[in-house]
Each structure stands twice: as structure tokens, then as C-alpha cells.
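Everything below, folded, please.
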Amino acid sequence: MTDAIDRGREEFLAEAQEIVETFSRALLLIDANFKKGTSDPNLLNESFRAIHTLKGLSGLFGLTALASMTHHLENLLDALRLGRIDVSAAVLDVLFGAVDASHRILAHHDDAQDPAVLSAVSDILAAIERVSGQGVVKDTGPYEIDPGIIAVLTEYEEHRLQANLKAGLRLYKIRASFDLLTIDKALEALKDRARKLGEVITYLPTGESSSLDTLDLDLLLASGEDLAVLIGQLGGDAIVVEEVQRTSSPSSTSMQGPPSIGLTPLSKGYSHVPQLEEDADRPQRAREQGMARRAVRVDIRKLDHLMNMVGELAILRSNLLRVAQTVKAEHDRALGGELQRMQRTLERRLEDLQNGILEMRMVPLGQVFDRLARGVRQVSRDLGKEVRLVITGSDTEIDKLIVEELGDPLLHMLRNAIDHGIESAEERKTAKKPASGTIALNAYQKGNHVMIEVEDDGRGIDEARLLARAQQIGAIAPDVELSREELLALIFLPGLSTRQDVSELSGRGVGMDVVKTNISRIGGVIDVHSERGIGTKLTLILPITLAIVRALLVKVGGQTFAIPLAAVSEVVGLDPATRKVDGREVMTLRGATLALCRLRTLFGLDGNVGPLRAFVVVAQVGERRLGLVVDAIAGQQDIVIKALGPSLRDLKGFAGATELGDERVGLVLDAAAIVEEMFAAGEGRRKGALHA
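Residues are numbered from 1 along each chain as shown. Coordinates of the predicted model:
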């Protein structure tokens, strides 16, 4: 019973997090519309539904703090969508604060009396009370609408009526006669046609009908189209289209009927209870609900377990192939051939299983991008800068474990872009730039990697100031000369900051070095490009997954190592005519110079002398290429990378270990780390730039 309760609570927390993220995404769109001076009522309705669901779940599972906050938040959202309160910057600040408070409550769900949680909830409740008193004046504009009609409209319908009048749209009455046997389908068909021309506010019975088998209804439509267009699209023998009578001018005359004298009030005793909202988005919502019913939440640890089993099956597959080849060559050719056919069938099924598990592990980057958008909004407001965040490629998918490690590094990069990169409004005006700075967050897949770019149109990196600061803290010798690429790489030095004053966001010299370390931990690298006065672009190059990868097996000094194929561009023979350039061994590959790293020397295996015939595995990470010299190529294999354990976790150059078959274990090389380490070491030896 206890296990079932725990599983139920875990599922609730996962669902609650998803609901909060849904609410957050809707808020970001509402905020964007607010800045543009537009609005979308469906977004407020979506927010209301999300918070209503969250309130019910939190009450069911005993999170009283969340239940209390969402109860008041639901009232605020209800007032917003019904037009009793206008969307404003102050209201949006409260709503975004509620998102952060919800995350805090869910993170501390085991401690209901946590002071930080109670304080956050108290602050949000006080803020909701402050903004809830801001009302709006109701107005029916230049139209004479019967007070009886206003009285029977729901709050939502009244809100939509006022919103359309405020937008300057015209009001039309569509009177239609329906057969009682087919009224449902006929009414829906008419509403669908009308929605293409405007918004259906409501529909009401007229109180009169031409026969006992028919029912006459009036539809109130807000549209920007002319009356003639509506008559042409909607008018017919049983349908009359008229403009609602105005207060200051004669009513428009319908081509099918007499002048309009306003809407007919409801007949006595009729109770009209419309839906919460018009179902303009009902088909899309139905599809989403259908997808939700077919979705199943799976703990990532269960997928990890399945992936480990697939890795073990891959080893058995390799062993089966080896046995089949032995039987065919040395014992029974027919039996060996049959075993090989079975092995190929197993290989195909295993590949399908592996791809299926990988697809289940993949999640869109939009999950982390949505949280980053909230962070950008808050940081830009704190610094008093107007910043526009443009996100593309949020549907690009990557392994869930990598996504979980990306939030903090990307947030710090965006903070740096706002704090260091984007200029103040005065500076931008002087530089003839728009007052609002732009940060582009772009993601896309390139081969076996996912690229994430963070680009701003700010002032760019001041290389001279960066070098002076590096020399000041003793990281660079005073007389050293660095290339531009090396200068830009100084931003990753520990303890380096170009800010003279320390703020909550920057100035402590702790940040980009930690970002680089965290990205390297998941097998990624960072490239930096910057132009003074134009902007800066940071590019993350990440593997799609860390769960199971195709690897190249190589032999060095009698040991077998695995190199992920995602980092391998090609394999060539070692040119005996190697040479030294700036103390580094290089060879020429198709007219270009390729730096070499002899793994025998790097790992200290059986001296420095290798076989006469050696191979070069060309590892490419971003724009950098490095030739890894190995003794032999042992083939390819799908591998599951296992962690090395706490004592070896910080060992550079190795991503982990894997099983190779025959109870053998091989180390998996971290090509990205080796490339970066060798280039950094080469620069240090060549120029004496880095102090030990």
C-alpha cells in the first residue's frame, strides 16, 4: 500500500510540474501579446483550466499551500478572462511569480512548513489581492442591445462582447430557422461557417417559430466584414443576416428581411447555459486530449534499466556472431549458416528495440526553453533593459538526461548576454540600434549532434579588456601573444570577470568556467564567436543521447578502447612523414595540416613506440580536428556507457566504461575532452601562456 501511495505521489508531482509548465507557456504568449497590444482569449482560458486542474490535484494530495495559492490564482484568472481586470505589467508579474512559487512548493513538497515556501505563498497571495481590485468599465459601444440580452449573457460572453466592441468590430444578428430533428448538426454547421468571418458571441431562441417542427435562433456575431459579405456567405432562405441597430445611425437593412430592431430577449422560462467558451478550438483540444489519454508516464530510471538490458543483448548478439562463424568454419557449415541467419534476425529486432527506447528518452528542447524565457524576462526587468527573446527549434529533440543538465548553463549564458552583451537604451540609440535588444536562442540537429546557439546583438566581447583582466589575475603572462580565437576562449578561465563591481548577476568570476565544465560533463563543447559592436554567439555542440551509442573499437598498447562514432569524421593510415610544428606532431591530410595525438604516449602504454602500420582516427569537435594515433581498428559496436564511479569521475579523457563481450571491459574515450585538452596544452607549451 505504501509503495502504491508513493507511486501515486510521484505521478502527481510529475503531472503538477507539467501543468505548471503549460501555465508558464501560456503566460509567455500572453506577455508577448501584451507587449504588441494584442490579446488572445484562448490563452487566458487555457491558463484558467491549468490552474483549476492544479488546484484539484494539490487538494487531493494534501499540498495545502499550493491549493490555497491556486484557489486565489484561479479567481484572478477568472476575472482576467471575463474582462473584470485588464492584463497589465503588474498582473503579469504576479502570474509569473506564481509560476516560480509553484515550482518552489513542488520542490519542497515533503516540508509543508518550509519558511521559504510559506513566505513565497504569502507574497503571492498579497500580490493577487493588490491587483484584483483593478476593474474595467463595461460598455456596449454604439449599439442598442436590449438590457434583457445583457442580463442573460454569461460573464464570459459579456466579456467577449466588450472585447470585440473595443476592437472596433461590427455586431450582426443572424436569424435562422432549424428543423427540430436536425438542429444539432445544422446549428454547428452554421456556427462553423460564421466563425470563418468573425466570433460567435452567443446564440439565443427568438421565442417565436414558423411551425411546431422548427425552432428559430438568433446568433450574435462580431465581425470586421461588411454586411454584404456576410449575406453572401451566410444568407439563405431560412437565414437572415442583419447588423444590430446603432444608437447614432439608422440600422442597416437586410436584403432578406425588415430592418433590425435589436436582438429579441429570451422567452420566459428558457434557461440558456452556454459552454465555458465558444468551441472554436474544440477540434484541436479534442486531439490534444486524445493524445493525453494515450500517453503513459515512465520513470527515466526504468528506461535506463531497459537500455542496460539492450546493451547486454547487443553483447550476446556479438558473441552469437562469433560462435556462428566458428561453427561454420570449423564444424558444421550448414549449422553455422543457420546460426548466422538467426543472428541477423536478432540484430534487426534488437535495432528496432534500441531505436524505440531511444525515441522514448527523447524530449523536445522546448521544455527547458520555456523556463529560460521566464528567466530572461525577469533578468531584463531587474536590469532595466528591454530584451526580446526569439526562440527557434524548440521542437528539436535530445535525450532527457541531457535536457536536465542544460537548464543552468543556458540560463547563465542568457544572463551574461543581457548583463554584459546587451547595451542600455542610451548606448543602443547612440550606436543606431533599436532600443530593444534581441537574443536569439536557436536549436537544430546536425548529424549526430544537437547544436544550440545563443546569439545577441549587443556590444560584443572586448578582447583587449579580457586580456588585461586575464593578465591582472595572473592567468596569462604579460608578454604573450594570443590569436583571436584564444583571446575569446579566455572567458572560460576560472576567476575571470570583466566587471569592476559585483552584482547579484555577475562580477564574481564564477560562471562561464562552470558552464564549460557542466557542458563537458555531458560530452559537449562550446564555441565562441564575437564581433565588436555587432554581437556575440555561443554555440553548444551536444550529443543527441548518452544512453547507447555506436562506437569505433581501437587497440592501443594491447588495450581496447571505444570512441563514439559521433565524434569520428574518418579513419586514415598514419603518414610516416610526420613533422613538428610549434612542438606538436602533425601530418598533412588532403593538403591541410592535422595535429596528432599518440594515445600510447598520452596513456603511457608499453612505451612510446607503436607498430609499423598505425592508423589515425580523425576526431572532430566543432571546428577543431585532432588525429588520434592508434595501433589497430577492431571494428564497430553499439555500447552502453557506464559511469566510472566516484573515485574516477573526474578523470579527464574518459567518458566511462563499457562491456565488449567475452567478459571484457573497455574504456570509452571522451573525444571532445581530449581535443580540448590537447589544444590547450599545445597552446600552453608553445607560448607559455598558462601558469601551472
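
what ranges do the strands span in the stretch 351-500 of the chain?
Taking DSSP state E, counting those that start in this stretch as the test, the strands found in the stretch 351-500 of the chain are 362-364, 387-392, 397-399, 437-446, 449-456.

could you say what helices and strands the first one packs with?
In terms of contacts (3 or more Cβ pairs under 8 Å, 6 or more residues apart in numbering; DSSP states H and E), strand 362-364 is packed against strand 397-399, helix 400-416. Heads up, the C-betas are built off the backbone N, CA and C, glycines and all.

nearest to Gly437, of the ones you listed?
Proximity to Gly437, assessed across the helices and strands packed on strand 362-364 by Cβ to Cβ, is greatest for helix 400-416 (11.7 Å).

Determine which residue lies closest to the centroid of this protein.
In the chain, the C-alpha nearest the mean C-alpha coordinate belongs to Gly366, at 1.4 Å (Cα atoms, centre = their mean).

picking that back up, pick the most buried one from the helices and strands packed on strand 362-364.
Highest mean neighbour count among the helices and strands packed on strand 362-364 (mean count of other Cβ atoms under 10 Å): strand 397-399, with a mean of 22.

Direction included, what does it pair against?
According to DSSP bridges, strand 397-399 forms sheet pairs with strand 362-364 (antiparallel).

Mind listing residues that contact the partner strand?
Contacts with strand 362-364, where a contact means Cβ atoms under 8 Å, 6 or more residues apart in numbering, come from 394-400, 403, 544-545.

Show me the two of those residues that sit farthest apart.
Using Cβ to Cβ, these span at most 18.5 Å, a distance reached by Ser394 and Thr545.

what about the two, which has more around it?
Shown here are Ser394 and Thr545; by other Cβ atoms under 10 Å, Thr545 has more neighbours (22 against 16).

need the contact list for the more buried one.
Taking Cβ under 8 Å, 6+ apart, we find Thr545 in contact with 358, 361-362, 398-399, 402.

If we use 7 Å, what do you get?
Counting by Cβ atoms under 7 Å, 6 or more residues apart in numbering, Thr545 touches 358, 361, 399.

could the strands of the stretch 351-500 of the chain be laid out in a markdown table, adding mean pLDDT and distance to Lys35?
Formatted as a markdown table, the entries for the strands of the stretch 351-500 of the chain read as follows, by pLDDT from 0 to 100; distance: least, Cβ to Cβ, whole Å:
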| stretch | mean pLDDT | distance to Lys35 |
| --- | --- | --- |
| strand 362-364 | 87 | 25 |
| strand 387-392 | 90 | 9 |
| strand 397-399 | 88 | 30 |
| strand 437-446 | 91 | 13 |
| strand 449-456 | 91 | 19 |
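
Need those in TSV (columns: distance to Ala222).
TSV is the format used below for these (distance: least, Cβ to Cβ, whole Å):
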stretch	distance to Ala222
strand 362-364	36
strand 387-392	31
strand 397-399	41
strand 437-446	35
strand 449-456	42
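
do you know which of the ones you listed lies nearest Asn164?
Checking these against Asn164 by Cβ to Cβ gives strand 387-392 as the closest, at 28.9 Å.

Partner strands of the closest one and their direction?
By DSSP bridges, strand 387-392 pairs with strand 437-446 (parallel).

Show me what the partner strand is in contact with.
With Cβ under 7 Å, 6+ apart, strand 437-446 has contacts from 365, 369, 372, 376, 385-394, 396, 414, 417, 422, 428, 450-458.

Filter these down to the buried ones, PyMOL style.
Buried subset of the contacts of strand 437-446, written as a PyMOL selection, criterion 16 or more other Cβ atoms under 10 Å:
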select buried, resi 365+369+372+376+385+387+388+389+391+393+394+396+414+417+422+428+450+451+452+453+454+455+456+457+458
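
residue contacts, the nearest residue to the residue nearest to the centre of the chain once chain neighbours are set aside?
Leaving aside its sequence neighbours, Gly366 sits nearest to Ser394 (Cβ to Cβ, 6 or more residues apart in numbering; 3.5 Å). Counting by Cβ under 7 Å, 6+ apart, Ser394 touches 364-366, 369, 443.

And for Leu215, the neighbour number?
18.

er, Ala440 I mean
Neighbour count of Ala440, defined by other Cβ under 10 Å: 17.

now swap in Leu482 and tell me
Leu482 has 18 neighbours, counted by other Cβ under 10 Å.

Ile231 now?
A count of nearby residues for Ile231, using other Cβ under 10 Å, gives 19.

Model confidence score at it, please.
Listed pLDDT for Ile231 reads 85.

cool, and Val510?
pLDDT, Val510: 45.

now do Asp662
pLDDT recorded at Asp662 is 65.

Kindly report the same for the one 10 residues further on.
Looking at Ala672, its pLDDT reads 81.

next one: Leu410
91.

Can I get the contacts of Thr545 in JSON lines including distance to Lys173?
Formatted as JSON lines, the contacts of Thr545 follow (distance: Cβ to Cβ, whole Å):
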{"residue": "Leu358", "distance to Lys173": "57"}
{"residue": "Arg361", "distance to Lys173": "56"}
{"residue": "Asp399", "distance to Lys173": "57"}
